[in-house]
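>>> Here is my input, please return the structure:
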Amino acid sequence: MLTKTYCSAVFGIEASNITVEANVTNGLKYFIVGLPDNAVKESLQRIESAILSIGYRMPRQKIVINLAPADIRKEGSSYDLSIAIGILASSDQIRTSKLASYLILGELSLDGKILPVKGVLPIVLQAKKDGFKGIILPKLNAEEAAIVEGIDVIAVSDLKQTCEFLNDFIQISPSVVDIHEIFEQQVNSYDLDFSDVKGQENIKRALEIAAAGGHNVILIGPPGSGKTMLAKRIPTILPPLTIDESLETTKIHSVSGLLPSSSSLLTVRPFRAPHHTISDVALVGGGASPQPGEISLAHNGVLFLDELPEFKRTVLEVMRQPLEARSITISRARFTVDYPASFMLIAAMNPCPCGYYNHPNRNCSCGFATVQKYISKISGPLLDRIDIHIEVTPVEFNELSTVRTSEKSVDIRARVIQARQIQEERFKNQPLIHSNAQMKVKNIRDYCVIDETGKGLLQRAMEKLNLSARAYDRILKVARTIADLDNSLEIKNEHLAEAIQFRSLDRESWR
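Modelled structure (predicted):
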């Protein structure tokens, strides 16, 4: 008898429904077709043990399992439960009346327990879009799935409970999660605060501008000057995630299997800080079975690259295109996967190998050629894509020892949110642009108009600093953000002058 159940496959961060056709007929042996990988092929051994362990009968006949569409490669263990139910239904051991209404997924252990799987959120979103009444899945995935409204999430702990539900022997209430309550509880759950930082007022100002416009930043200064401390606190002044941003970010972490078991929804902006030994594939994504890289895991958040010159040059250069496009395309012979990668890049570096070049109190032990070689590890095209360059100086003792409390993150965030609201209104008719950093050339010409005095100021700066055309656009974007923080419709000369000083660490001028 032929029966059909439904499962799902995840490609990138989107899901596609898979029809699991099970047919039990006269003959011998088990067959599974439809382009399965080894994990799927091995599922029949797990399924047989699970079925026998709960007291049901494994048919001693020819069993053919087809995973349709057959031209899409099926990977992972999430098909176990759907295949097991298909075999039991095809052998008349469970009813088939509910099978067309539910999408079924989960990994089976040998004793019939159902183990959690990756990528549940995009699967549930697609199941709702395709009109399924509900989804049957592992209990440990229920909280993540239940954030999607309008579809019944049936959480089961083992194969026997699943069979009893499908046979109407028991009733299982759908899992429910209040997404708005989760947001209210966790949206400000930060352990760090800018009030912990002593001094460095000019650096805080620069980071406030960066947060207000979504600009990329590079911090350059000697060891112990506070670069990492400042970078780790940037998420505390960024605007809170919207529900749409939260769902999109959660999908990426769900596909990667990095969603915390204690959380069904990411409500704070991600902060990713990979080690400098990372490979280019781990940074941008890819592999034999493509997975999101660090730039995608930092989507809608911050990617912090500490000790920037210590990263391999190939690793840094592969970021150039994603920094502009805000997405990454992974191409393979048979398919192409797109991952979003809209993140704030925060980079930190020492000015030289010993770390004390330009230090006010300590002498640098590096030769001039050594300093130039170290700085040159960061290519000009990559520096051009970083909007704000900041030289971080050591904090004086009297500032470290002061008992005066610095401005709190919540106060800085209020100004950042106000500036972002101005930008949202400005770009309301352009759905792909949400902040000044995302402006294209046409938007810069429309919204970053400067007068003749400003043009002369910018011309002198470009000639003196030997800036590129891309750097010219970056200065205008930053000036537009400074004007927004000042609640000014026009870019004034003081806004432009402040933006120009943030290009002072351009490679040519640093030399």
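
>>> now the helices for the stretch 151-300 of the chain?
Ranges of helices within the stretch 151-300 of the chain are 159-166, 179-186, 201-213, 227-232, 243-256, 280-284, 294-297, based on DSSP state H, counting those that start in this stretch.

>>> mind saving the C-alpha coords of the last one as PDB?
Read it as helix 294-297. The C-alpha trace of helix 294-297 is given here as PDB (Å, rounded to 0.1, in the frame of the first residue of the first chain):
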ATOM      1  CA  GLU A 294      30.500  34.200  10.500                       C
ATOM      2  CA  ILE A 295      29.400  37.100   8.300                       C
ATOM      3  CA  SER A 296      25.900  35.600   8.100                       C
ATOM      4  CA  LEU A 297      25.800  34.700  11.800                       C
END
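
>>> Now do it: everything it contacts.
252-253, 256, 258, 270, 272, 274, 278, 282-285, 303, 319, 322, 328, 339-341, 343 (C-beta atoms under 8 Å, 6 or more residues apart in numbering). C-betas here are computed from N, CA, C, even on glycine.

>>> Stretch 16-30 now?
1-10, 44, 59, 61-69, 72, 74, 79, 82-83, 86-87, 89-91, 103, 126-127, 130.

>>> Those residues in strands, which ones?
Of the positions in those, 2-10, 62-68, 103 sit in strands, assigned by DSSP state E.

>>> Among the residues you listed, name the buried ones.
3-10, 63-68, 103 (16 or more other C-beta atoms under 10 Å).

>>> Can you read off the pLDDT for G293?
We have a pLDDT of 93 for G293.

>>> That one and S279 touch, don't they?
No. Using C-beta atoms under 8 Å, G293 is not in contact with S279; the gap is 9.4 Å.

>>> Show me which of the two is the more surrounded one.
Between G293 and S279, G293 has the larger neighbour count (other C-beta atoms under 10 Å), namely 28 against 15.

>>> Let's verify K455: helix, strand, or coil?
helix (DSSP: H, G, I helix; E, B strand; the rest coil).

>>> correction: F304
With three-state DSSP as the criterion, F304 reads strand.

>>> just use 33 as the starting number from now, easier for me
Happy to do that; since the first residue is 33 now, the last one works out to F336.

>>> before we move on, the earlier item: and which of the buried ones among the ones in strands among the contacts of stretch 48-62 is nearest to R366?
Among those, A41 lies closest to R366 (C-beta to C-beta), at 13.7 Å.

>>> which residues does the closest one bridge with?
In this entry, A41 is beta-bridged to S48, by DSSP bridges.

>>> for A493, what are its contacts?
499, 507, 532, 535.

>>> Pick out the lowest-pLDDT one from those.
Scoring these by pLDDT puts L499 last, at 76.

>>> so where does it fall, helix or strand?
For L499, there is no enclosing helix or strand under DSSP states H and E.

>>> For Q491, see how far away it is.
Going from L499 to Q491 by C-beta to C-beta, to the nearest Å gives 10 Å.

>>> Where among the helices of the stretch 183-332 of the chain is average confidence lowest?
Note on the helices of the stretch 183-332 of the chain: helix 211-218 shows the lowest mean pLDDT, a mean of 73.

>>> Report the buried residues of it.
211, 214-215.

>>> Same check on stretch 276-295?
Result for stretch 276-295 [16+ other C-beta under 10 Å]: buried residues 277-288, 291.

>>> now, the most widely separated pair of those?
The most widely separated members of the buried residues of stretch 276-295 are E277 and S288, with 17.1 Å between them, by C-beta to C-beta.

>>> would you list the buried residues of helix 211-218 in TSV and tack on distance to T260?
Shown next, in TSV, are these (distance: C-beta to C-beta, whole Å):
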residue	distance to T260
I211	33
I214	30
F215	29
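
>>> Please parse this structure into its domains.
34-198, 217-542 (automatic domain parsing).

>>> mean pLDDT lowest for which of those domains?
domain 217-542 has the lowest average pLDDT among the domains of the chain, namely a mean of 87.

>>> My read is that Q125 contacts I86, right?
No. Applying C-beta under 8 Å as the test, Q125 and I86 come out as separate, 10.7 Å apart.

>>> what sits against Q93?
Counted by C-beta under 8 Å, 6+ apart, Q93 has contacts 56-60.

>>> now those residues in a markdown table, with distance to I476, secondary structure and neighbour count?
Below are the contacts of Q93 laid out as a markdown table (distance: C-beta to C-beta, whole Å; DSSP: H, G, I helix; E, B strand; the rest coil; neighbours: other C-beta atoms under 10 Å):
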| residue | distance to I476 | secondary structure | neighbour count |
| --- | --- | --- | --- |
| V56 | 65 | strand | 21 |
| T57 | 67 | strand | 12 |
| N58 | 72 | coil | 6 |
| G59 | 69 | coil | 10 |
| L60 | 70 | coil | 8 |
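
>>> between the residues you listed, which is nearest P68?
V56 (18.4 Å).

>>> any idea how far C386 is from A401?
14 Å.

>>> which one of the helices of the stretch 183-332 of the chain lies closest to L224?
helix 259-264 (5.8 Å).

>>> Centre of the chain to that closest one, how far?
A distance of 20 Å separates the centroid of the chain from that of helix 259-264, by C-alpha atoms, centre = their mean, to the nearest Å.

>>> And stretch 45-55, by the same measure?
Per C-alpha atoms, centre = their mean, the centroid offset for stretch 45-55 relative to its chain is 26 Å.

>>> mind listing what's buried in it?
Buried, per 16+ other C-beta under 10 Å, within stretch 45-55: 45-47, 49-50, 52-55.

>>> Could you check which of L499 and Q491 is surrounded by more residues?
Legend: neighbour count by other C-beta under 10 Å for L499 and Q491, higher for L499 (20 against 11).

>>> The more buried one contacts R535, correct?
Yes. With contact defined as C-beta under 8 Å, L499 counts as touching R535 (6.2 Å).

>>> circling back to that earlier point, quick one, which of the helices of the stretch 183-332 of the chain gets closest to G144.
Closest to G144 of the helices of the stretch 183-332 of the chain is helix 191-198 (C-beta to C-beta; 4.2 Å).

>>> what does the closest one contact?
82-83, 86-88, 113, 116-117, 120-121, 125-127, 130-131, 136, 140, 144-146, 168, 186, 188, 202-204.

>>> is it true that P385 lies in a helix?
No. Counting by three-state DSSP, P385 is not found in a helix; it is coil.

>>> burial count for it?
So P385, with other C-beta under 10 Å, has 15 neighbours.

>>> Check I119 too.
27.

>>> now swap in A401 and tell me
A count of neighbours around A401, defined by other C-beta under 10 Å, yields 8.

>>> That one and I407: what is the separation?
For A401, the distance to I407 equals 11 Å [C-beta to C-beta].

>>> got it, and G488?
Distance from G488 to I407, by C-beta to C-beta: 30 Å.

>>> Mind checking which of these two has more residues around it?
Taking other C-beta under 10 Å, G488 and I407 do not tie; I407 has more neighbours (19 against 12).
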